[in-house]
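Visitor: Next comes the sequence, and after it the predicted model I'd like to discuss.
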Amino acid sequence: MNLIKKRDPSSMTVAEQFVAKVEKESRSSLIRVYAAMILLVVMTIFFSIYDNHFFSLKNVLNILQQMSVPLILATGLTFVLLIGRIDLSVEGVMGFVGSCMALLILNDRNPNDWGVWGVLLPIVIGILYGFLTGFLHVKLRIASFIITYATGTIIRGIAVLLYDSRAARVQAQWMTDWSMASFLGIPLITWMAFAFFFIGCIILNYTAFGRAVYAIGDNEAAARASGINVDRVVITVFGLSGIAASLAGFVALIRLKFGQASLGDDQMFPCITALVVGGTSLSGGKGGMLQTMVGMLIYMELLNFLTIIGVDANYKNALQGIIIIVAVALTLTRDRKTIAK
């Protein structure tokens with residue numbers, strides 16, 4: 001019986017307690033990952049049986065197209081959540097980039113036709129704004145949800161001022177062509193999202209920066225003591241989030257060909273929902289790109305299925321709130337004193 005009896009933690013050495021803690025956290029992480037994967041498989045089977053059109057090629061392509069913008073945003077937000085922060089500015093950056101871009105390329109509001117520069121300039125501004133947000137968060141020591149809400153509101157207001165409350169409709173032929181283009185039957189904008197997600201996977205899993213992100217999320221004080229430049233990593237993470245929001249604004253403009261600040265509306269919280277459902281913890285240090293993809297597929301399939309069966313949009317919003325509460329309750333690390341910094 002002694003062979004299977006649990007050892008009293010008080011009789012362990014410090015090293016043994018550390019190893020036991022790591023093993024326990026590793027098991028918990030595996031459970032979160034596999035539970036989300038099992039849920040995805042069960043949902044797909046159930047939805048396919050309930051409606052034989054759900055798993056049709058047309059509907060699968062529809063889901064892939066709809067997830068292009070959320071997947072880009074979720075890739076950037078994965079880094080933010082892993083360090084235990086939140087970025088509420090992404091919707092504002094999205095709206096600004098889309099609005100600015102629509103005014104700089106061929107449109108029905110002005111004679112501008114800057115070509116590639118009309119695309120690159122707004123994206124560069126959006127990226128720099130992400131770095132600025134991270135810099136203000138680090139240097140002013142303001143909680144991330146407050147500073148990002150403020151900066152997001154500011155840049156959204158700038159977007160509205162740019163087009164003077166009269167949104168521009170894009171008339172550039174190349175953008176129309178891009179919105180209709182596909183490869184292997186999959187829309188071009190979805191391939192763009194997959195490419196960005198793949199780059200995020202490489203950065204997070206195979207670079208020193210990615211390891212630093214996990215270290216900061218797990219224990220910021222220990223990461224700082226080990227020599228990691230925490231401030232620089234945090235600022236860079238918000239810069240990555242700015243890159244994601246800017247690219248998402250570009251892709252959203254390609255889809256809608258209509259530049260306005262509302263391009264980013266209701267985009268962030270679905271991504272947060274997908275992340276926590278996939279197993280990424282809001283307290284930081286737990287999660288990854290695999291969890292992001294699984295969570296995104298779960299969310300998009302559920303949203304698509306509810307649309308197919310005709311569920312009212314208000315019920316969808318209520319369901320999203322319930323999902324967030326349940327997912328956060330399941331992924332929150334109980335011994336942490338804070339959920340997000």
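Guide: On my side now, so go ahead. Model, not experiment: these values are computed from the prediction.

Visitor: Mind pulling up the pLDDT for residue 71?
Guide: Here, the pLDDT recorded for residue 71 equals 95.

Visitor: quick one, strands of the stretch 201-341 of the chain?
Guide: For the stretch 201-341 of the chain, strands defined by DSSP state E, counting those that start in this stretch occupy the ranges 258-259.

Visitor: Which residue ranges of it form helices?
Guide: Secondary structure of the stretch 201-341 of the chain (DSSP state H, counting those that start in this stretch): helices at 208-218, 220-225, 230-256, 268-278, 289-308, 313-331.

Visitor: residues near residue 174, how many?
Guide: By other CB atoms under 10 Å, the residues close to residue 174 number 15. In short, each C-beta sits where N, CA and C put it, glycine included.

Visitor: same thing with residue 157?
Guide: Counted with other CB under 10 Å, the neighbours of residue 157 add up to 14.

Visitor: Give the next helix or strand downstream of the lowest-mean-pLDDT helix or strand in the chain.
Guide: Counting by mean pLDDT, DSSP states H and E, the weakest-scoring helix or strand in the chain turns out to be helix 14-50, with a mean of 67. Next helix or strand after helix 14-50 toward the C-terminus (DSSP states H and E): helix 57-66.

Visitor: which strands and helices sit next to the helix or strand where residue 148 lies?
Guide: If you go by DSSP H and E, residue 148 is part of helix 144-163. Packing partners of helix 144-163 (3 or more CB pairs under 8 Å, 6 or more residues apart in numbering; DSSP states H and E): helix 90-104, helix 116-140.

Visitor: And the contacts of the helix or strand just after that helix?
Guide: Where DSSP H and E defines the elements, the next helix or strand beyond helix 144-163 is strand 168-169. Contact partners of strand 168-169, identified using CB atoms under 8 Å, 6 or more residues apart in numbering, comprise 99, 102-103, 107-110, 257-259.

Visitor: Tell me who's in contact with residue 255.
Guide: Residue 255 neighbours (CB under 8 Å, 6+ apart): 65, 68-69, 179, 189.

Visitor: Go through those residues and single out the one with the most neighbours.
Guide: residue 69 (26 neighbours).

Visitor: quick one: that residue from residue 171, how far?
Guide: Distance, residue 69 to residue 171, using CB to CB, to the nearest Å: 22 Å.

Visitor: same thing with residue 290?
Guide: In terms of CB to CB, residue 290 sits 41 Å off from residue 171.

Visitor: again with residue 300
Guide: Residue 300 is 31 Å from residue 171, by CB to CB.

Visitor: and these two? which has more neighbours close in?
Guide: residue 300 (19 against 15).

Visitor: doesn't residue 65 make contact with that one?
Guide: No: between residue 300 and residue 65 there is no contact under CB atoms under 8 Å: 10.2 Å.

Visitor: Please report phi then psi for residue 257.
Guide: Note on residue 257: its backbone torsions stand at phi 50, psi 40 [degrees, to the nearest 10].

Visitor: Contacts only, for residue 98.
Guide: With contact taken as CB under 8 Å, 6+ apart, residue 98 is in contact with 122, 159, 249-250, 252-253, 259-260, 263-264.

Visitor: give me that answer again for 7 Å
Guide: Residue 98 is in contact with 249, 252-253, 259, 263, counting by CB atoms under 7 Å, 6 or more residues apart in numbering.

Visitor: That's all I had, so thanks and see you.
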